[in-house]
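A predicted structure for the sequence below; I have some questions about it.
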Amino acid sequence: MNPISRPSRRLSRRALLAAGAAALVAVTVACTPTTEVTVAGAAQNTQGIAVAGQGSVSVRPDIAELNLGVEVTALTVAEARGRAADAMASVQAAITGLGVAEEDIQTRYFNIYPQYSYPEREAPQITGFVVTNQSQVKVRDMDNVSAVLDAAVEAGGDAVRVNGISFTVEDPEAFLADARTQAVNNARDRAQVLADAAGVELGAPLSINEAASFPGPYPEFVRQAQDGGGSSASTPLNPGEQELTVSVSVVYSIQD
């Protein structure tokens, strides 16, 4: 046997382990949950070929969240509060009439604050009061989102405020099996390339770390058009698709 062949093989393995360890640290995702799988009976020192893999699926959102509110200005707190209460009651009656459940309407913000004028060389003077009331509304029927939005705008009149709309997937876990399979296959393909390049045989996985990325609702802002002619066209809304991603870090053993 050539006396140089055995040391060269050892050097190749050492270089491969160093490259694998560097690859393991390179995964950064802001996600939940994180899962770790360690093969039973594997040694505590899980040195081997460390790689990262990723898989993703595109999913059409099944939940729309509307941020609806009212804002009223009046000379007194009582008048501003009363008018704001009437406007919000009208908004909620309109959207519940279209099938939105009361438990899917959640108050997120309520505020009363004064307005001031600043006369020259005089102390600031209160000129009125502003009452703001905002709610997060979850619409589960995606075919009904435009109708709910338009009904809220009509019911609230000039007091209504539409602060944004976002779309999300209620149960991402139901769609992640394919992404997990893709991620593991991607990791194994990468490990196999490294093993072939180093002239070693790829073994079984020693540990698997998973992180699934569930994107939060992406806000889209809606501008209310003031049409003096009273247009009857519904507001066009498109939920698009969201990408759910799974990233894995896998350490594979090297067979002798």
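That came in fine, so what should we check first?

got the contact list for Val169?
Contacts for Val169 (C-beta atoms under 8 Å, 6 or more residues apart in numbering) come out as Val59, Pro61, Asp62, Ile63, Phe175, Phe214, Gln242, Leu244. (Each C-beta comes from the backbone N, C-alpha and C, glycine too.)

show me the longest helix that occurs in this protein.
With secondary structure taken from DSSP state H, the chain has its longest helix at helix 176-198.

what are the buried residues along that helix?
By 16 or more other C-beta atoms under 10 Å, the buried positions in helix 176-198 come out as 176, 179-180, 182-184, 186-188, 190-191, 194-195, 198.

next helix or strand past it?
strand 201-213 (DSSP states H and E).

give the pairing partners of that next one; include direction for each.
strand 34-38 (antiparallel), strand 242-255 (antiparallel) (DSSP bridges).

show me what the mean pLDDT comes to for that strand.
Across strand 201-213, the average pLDDT comes to 90.

next, the buried residues of it.
Neighbour count says strand 201-213 has Leu202, Pro205, Leu206, Ser207, Ile208, Asn209, Glu210, Ala211, Ala212, Ser213 buried, by 16+ other C-beta under 10 Å.

again with stretch 241-251
Under 16+ other C-beta under 10 Å, the buried positions of stretch 241-251 are Gln242, Leu244, Thr245, Val246, Ser247, Val248, Ser249, Val250, Val251.

check stretch 72-92 too.
In stretch 72-92, counting by 16+ other C-beta under 10 Å, buried: Val72, Thr73, Ala74, Ala80, Arg81, Arg83, Ala84, Ala87, Met88, Ser90, Val91, Gln92.
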